[in-house]
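Q: Provided below are the primary sequence and the corresponding predicted coordinates.
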Amino acid sequence: MMDRALVTIEPAPRRRLPDWIRQRVPGGKRYAHLKNVLRESKLHTVCEEAKCPNMGECWSHGAATFMLMGDVCTRRCSFCAVDKGRPGHLDAAEPEHVATIVSAMQLDYCVLTSVTRDDLPDQGADHIARTIEAIHQRLPLCKLEMLIPDFRGEAACVERVVNTPLAVLAHNMETVPRLYKPVRPGAVYERSLRVLELAKEFRRDILTKSGLMLGLGETMEEVIETMADLRAIGCDLLTLGQYLQPSARLLPVVRYLPPAEFDELGRFARALGFADVASGPFVRSSYHADAMVKATV
């Protein structure tokens, strides 16, 4: 195992984006329609909260990732644009509310995620599970993917979410072990691996998925080792994307990886045995999520 001594990522001056890090301004009728639907329903999306660069493309195709349990996170990850602090009251009506909107949209595939709620006795596991169950009851043919927090490694929380009509259980490693302290304070590399491993122990048929952000100072060797760790605990799907600094107060980009390097890492990941891999500058955990699942059939 590599040395996991404390690492400090020094601030770096913001520099011009390379030519391959360019996205069009969001627009179009479907984009505007979905934006209005979400505003009227008062639902949160990780697309907006995390300032995802793919929001324009996904919303133009009628796809969005719903974020459960509010828009304030109890963790203070230094890469994430979601607000940090003390969350408000948990809305007990949210599961049915989300199910109503998803059903009205007649989605074939729905991705859910959530803020981390360390303030709740069960980290919000039952709330997440009830949302999945409510959507399935209204729209049984819709495949569901849930990107969960680490639940502080509590097995009962993972079990509650996994034992639902869920197709994909996702939990992102985000970065390599050496960078966990500056990037994911409050998280533990081995604990995140164990969360994915537990999902398979509770339900052998469930697909598990994880993702890494690149460009924070990791080495190629470290990325390969992390991918190998994921395969060793049976992770099925992997996403690799470029970290983009959401605001000046968050971690700077250390390096922009060229598309060819993403292609190389994608080939290596497939050789390790992942059922499908999405690797590219703009890839995020929920990007083309339905296509990744179809690739495993």
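A: Perfect, thanks for sending it.

Q: so after the longest strand seen in the chain, what's the next helix or strand?
A: Taking DSSP state E as the criterion, the chain has its longest strand at strand 207-214. The C-terminal neighbour of strand 207-214 among helices and strands, as given by DSSP states H and E, is helix 220-232.

Q: list the buried residues for that next one?
A: For helix 220-232, the neighbour count (16 or more other C-beta atoms under 10 Å) marks 222-223, 225-227, 229-230 as buried. For every residue, glycine as well, the C-beta is placed using N, CA and C.

Q: pull the distance from the host helix or strand of E264 to the chain's centre.
A: Using DSSP H and E, E264 falls within helix 259-272. Put simply, helix 259-272 sits 20 Å off its chain's centre (C-alpha atoms, centre = their mean, to the nearest Å).

Q: do stretch 90-99 as well
A: Its chain's C-alpha centre and that of stretch 90-99 lie 21 Å apart, by C-alpha atoms, centre = their mean.

Q: count of neighbours near the closest residue to E222 other than its chain neighbours?
A: In this structure, E222 finds its nearest non-sequential neighbour in V176, 3.9 Å apart by C-beta to C-beta, 6 or more residues apart in numbering. The tally of other residues near V176 (other C-beta atoms under 10 Å) stands at 26.

Q: give me the distance between V176 and I224.
A: 10 Å (C-beta to C-beta, to the nearest Å).

Q: what about the residue nearest to E222, distance to R76?
A: According to C-beta to C-beta, V176 stands 20 Å off from R76.

Q: same check, this time on E218
A: Shown here: E218 relative to R76, a distance of 21 Å by C-beta to C-beta.

Q: okay, the two: which has more neighbours?
A: E218 (22 against 12).

Q: looking at it, the more buried one is touching R178, isn't it?
A: Yes - under the criterion of C-beta atoms under 8 Å, E218 makes contact with R178 at 7.4 Å.

Q: ok, back up a step: got the angle between the helix holding E264 and strand 207-214?
A: Comparing the axes of helix 259-272 and strand 207-214 via axes from the mean of the first three to the mean of the last three C-alpha atoms, to 10 degrees yields an angle of 150 degrees.

Q: report the buried residues of helix 259-272.
A: Buried positions in helix 259-272, judged by neighbour count with 16+ other C-beta under 10 Å: 261-262, 265-266, 268-269.

Q: from the contact counts, what lies against it?
A: helix 220-232, strand 237-242, strand 276-279 (3 or more C-beta pairs under 8 Å, 6 or more residues apart in numbering; DSSP states H and E).

Q: reformat the ones you listed as JSON lines; add distance to L141.
A: Below are the helices and strands packed on helix 259-272 laid out as JSON lines (distance: least, C-beta to C-beta, whole Å):
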{"stretch": "helix 220-232", "distance to L141": "30"}
{"stretch": "strand 237-242", "distance to L141": "21"}
{"stretch": "strand 276-279", "distance to L141": "21"}
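
Q: closest one to P95 among the ones you listed?
A: strand 237-242 (25.3 Å; C-beta to C-beta).

Q: please export the C-alpha coordinates of that closest one as PDB.
A: Only the C-alpha atoms of strand 237-242 are listed here, as PDB (Å, rounded to 0.1, in the frame of the first residue of the first chain):
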ATOM      1  CA  LEU A 237     -18.900   0.500 -13.200                       C
ATOM      2  CA  LEU A 238     -16.400   3.300 -13.200                       C
ATOM      3  CA  THR A 239     -16.400   7.000 -14.200                       C
ATOM      4  CA  LEU A 240     -13.200   9.100 -14.600                       C
ATOM      5  CA  GLY A 241     -13.500  12.800 -15.100                       C
ATOM      6  CA  GLN A 242     -11.600  16.000 -14.900                       C
END
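
Q: return the list of strands paired to that strand, each annotated with direction.
A: Counting by DSSP bridges, the strands paired with strand 237-242 are strand 207-214 (parallel), strand 276-279 (parallel).

Q: return the most buried member of the ones you listed.
A: Among these, ranked by average contacts under mean count of other C-beta atoms under 10 Å, first place goes to strand 207-214 (a mean of 25).

Q: report the rounded mean pLDDT for that strand.
A: Mean per-residue pLDDT for strand 207-214: 98.
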